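J.: Sequence plus the predicted model coming up.
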Amino acid sequence: MKAIISKNNYLSHLIGLVLVLMALSDILESREVIVVCALLSVVAFILCFPMKGRNWFSESMFFVIFLLITSLVNLFFTENGLGGTITLLGNLLLAYAFILVENKKMTPWVILSYAITIGYISYKLFVLNADPNDIYEGLSRNHAGFVVVFWTGFLLFYIKITYNRFPLIFPIFGLILSFFLFGRTSLIVSTLLVLLVFFFKFKNNRAVQLFAVVLLVVGCYFLFISFGDKLTSETNLGEGLDTPRWELWRIYWEHINIVNLFSGVDVNVLPMYDQFGGNPHNSFIKFHSRVGIGSLLFIILFFVSIFKYIRAKQYYILGLLILLTMRASFDGDILIGNFDFIFFIITFYWIKSD
């Protein structure tokens, strides 16, 4: 499907404004800002239609409608509120509009969104010397690490599709922040982000790659010697995979039956979940609890996207998608959340030129 679209400046700036508001909504932890973002995303979505020369994205619109229907059905079987459906709608339409309109006019907005988020976390860590668990009120350090990984991944994605560049400064700074946030999964994924960007930046220079690998190993060795004890205790690295997450996931799957397979499991009534605020610590399990059968359609389309990126040899975007998926698999900050649009955009960007 080829898009027939005029790159209109005002629409680019409107979408960019929503990106900034989404960044602010996370910092302010404001439902009101999320609602405003959803409304503006609807406006952007409506404005996209006169700019098309034919019925483009028809399959995508079926996906959007199906998820909205299943999220509404979920309300009758769980204690979830309408806010999740509004958040999901806003993220879906924002991703739709971004993919349709994406151009260089959005660059200042994307950078501003990243700077607001990363700047806020850096200010709390290095200026106020805040405890990582106090950066976001009522949320653990894992959320801050999640934010760093997702906004860094989104900026790397945008710079690649817009300028075909692989800047190392952003993933390196993300790795530094993850180190001070003491988030186990964020540390691992941030390290892999650095390696991914480095590989593609110097993929034709084996000598540089070898030197960098040696330098990374030596650097990690000295960091471990200097901070190993603290890092192990603060991040639970010493426990390996033995964490409450596995028990939460096991409990969820044990309570699935024929009805809630379609409607979604109400995590508010599951044992142990009250200790974690109803958070299964897995965005995909959380998605099923909010949209039921709609999440299974998403998973199917997710693997279709992986196939599409492999077929198109878009290995860099595929790498970013896999790393964000790894991070999302160990926390419940997306699907449904403030960063869904990032995941939707990177997952389905292939349809722009398919």
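T.: Structure received. Every value quoted in this text rests on a predicted model; they were computed, and no experiment measured them.
J.: If you rank every helix and strand of the chain by mean pLDDT, what lands last?
T.: helix 206-235 (a mean of 63; mean pLDDT, DSSP states H and E).
J.: Contacts for the host helix or strand of residue 195, please.
T.: Element membership of residue 195 [criterion: DSSP states H and E] is helix 184-201. Residues outside helix 184-201 that contact it (C-beta atoms under 8 Å, 6 or more residues apart in numbering) are 142, 145-146, 148-149, 152-153, 156, 166-168, 171-172, 174-175, 177-179, 209, 212, 216, 235-237, 316, 319-320, 323-324, 326-327, 330-331. Heads up, the C-betas are built off the backbone N, CA and C, glycines and all.
J.: So what's the gap between that helix and the chain middle?
T.: 15 Å (C-alpha atoms, centre = their mean, to the nearest Å).
J.: Also stretch 137-154?
T.: Distance, centroid of stretch 137-154 to centroid of chain: 9 Å (C-alpha atoms, centre = their mean).
J.: any idea of the mean pLDDT for that stretch?
T.: Across stretch 137-154, pLDDT averages out at 92.
J.: same question, stretch 21-29
T.: 93.
J.: and it, C-alpha only, in CSV?
T.: Extracted C-alpha coordinates of stretch 21-29, given in CSV (Å, rounded to 0.1, in the frame of the first residue of the first chain):
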residue,chain,number,x,y,z
LEU,A,21,2.0,16.2,26.0
MET,A,22,2.4,12.4,26.3
ALA,A,23,5.9,12.9,27.8
LEU,A,24,4.4,15.5,30.2
SER,A,25,1.5,13.2,31.1
ASP,A,26,3.9,10.6,32.5
ILE,A,27,5.9,13.1,34.5
LEU,A,28,2.7,14.8,35.9
GLU,A,29,1.0,11.4,36.3
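J.: hang on, residue 291 packs against residue 70?
T.: Yes - if you go by C-beta atoms under 8 Å, residue 291 and residue 70 touch, sitting 4.6 Å apart.
J.: Give me the common contacts of the two.
T.: residue 264.
J.: Of the two, which one has the most company?
T.: residue 291 (29 against 24; other C-beta atoms under 10 Å).
J.: Now do the same contact list for that one.
T.: 67, 70-71, 74, 88, 264, 336.
J.: before we move on, what about residue 89?
T.: Taking C-beta under 8 Å, 6+ apart, we find residue 89 in contact with 38, 41-42, 64, 68.
J.: Try it again at 10 Å.
T.: 38-39, 41-42, 45, 64, 67-68, 71, 336 (C-beta atoms under 10 Å, 6 or more residues apart in numbering).
J.: Could you check how far residue 254 is from residue 291?
T.: 20 Å (C-beta to C-beta, to the nearest Å).
J.: I misspoke; the intended subject was residue 207.
T.: Distance from residue 207 to residue 291, by C-beta to C-beta: 49 Å.
J.: Correct me if wrong: residue 91 contacts residue 71.
T.: No - in this structure residue 91 lies outside contact range of residue 71 using C-beta atoms under 10 Å: 11.5 Å.
J.: Verify the contact between residue 290 and residue 79 for me.
T.: No - with contact defined as C-beta under 10 Å, residue 290 does not reach residue 79; the gap is 11.5 Å.
J.: Overlap in contacts, these two.
T.: Common neighbours of residue 290 and residue 79 (C-beta under 10 Å, 6+ apart) are residue 267.
J.: ok, those two, which is more surrounded?
T.: Between residue 290 and residue 79, counted using other C-beta under 10 Å, the more crowded position is residue 290 (24 against 10).
J.: got a list of what the more buried one touches?
T.: Contacts of residue 290 by C-beta under 10 Å, 6+ apart are 67, 70-71, 74-75, 78, 80, 84-85, 87-88, 264-265, 267, 335-336.
J.: go on, residue 27?
T.: 33, 116-117, 119-121, 124, 135-136, 147, 338.
J.: Now render the residues you listed as JSON lines, adding secondary structure, distance to residue 202 and neighbour count.
T.: Shown next, in JSON lines, are the contacts of residue 27 (DSSP: H, G, I helix; E, B strand; the rest coil; distance: C-beta to C-beta, whole Å; neighbours: other C-beta atoms under 10 Å):
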{"residue": "33", "secondary structure": "helix", "distance to residue 202": "40", "neighbour count": "18"}
{"residue": "116", "secondary structure": "helix", "distance to residue 202": "31", "neighbour count": "16"}
{"residue": "117", "secondary structure": "helix", "distance to residue 202": "28", "neighbour count": "26"}
{"residue": "119", "secondary structure": "helix", "distance to residue 202": "29", "neighbour count": "12"}
{"residue": "120", "secondary structure": "helix", "distance to residue 202": "32", "neighbour count": "18"}
{"residue": "121", "secondary structure": "helix", "distance to residue 202": "29", "neighbour count": "22"}
{"residue": "124", "secondary structure": "helix", "distance to residue 202": "34", "neighbour count": "18"}
{"residue": "135", "secondary structure": "coil", "distance to residue 202": "34", "neighbour count": "22"}
{"residue": "136", "secondary structure": "coil", "distance to residue 202": "36", "neighbour count": "19"}
{"residue": "147", "secondary structure": "helix", "distance to residue 202": "28", "neighbour count": "26"}
{"residue": "338", "secondary structure": "coil", "distance to residue 202": "34", "neighbour count": "26"}
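J.: From these, pick the one nearest residue 349.
T.: Nearest to residue 349, judged by C-beta to C-beta, of those is residue 338 at 19.5 Å.
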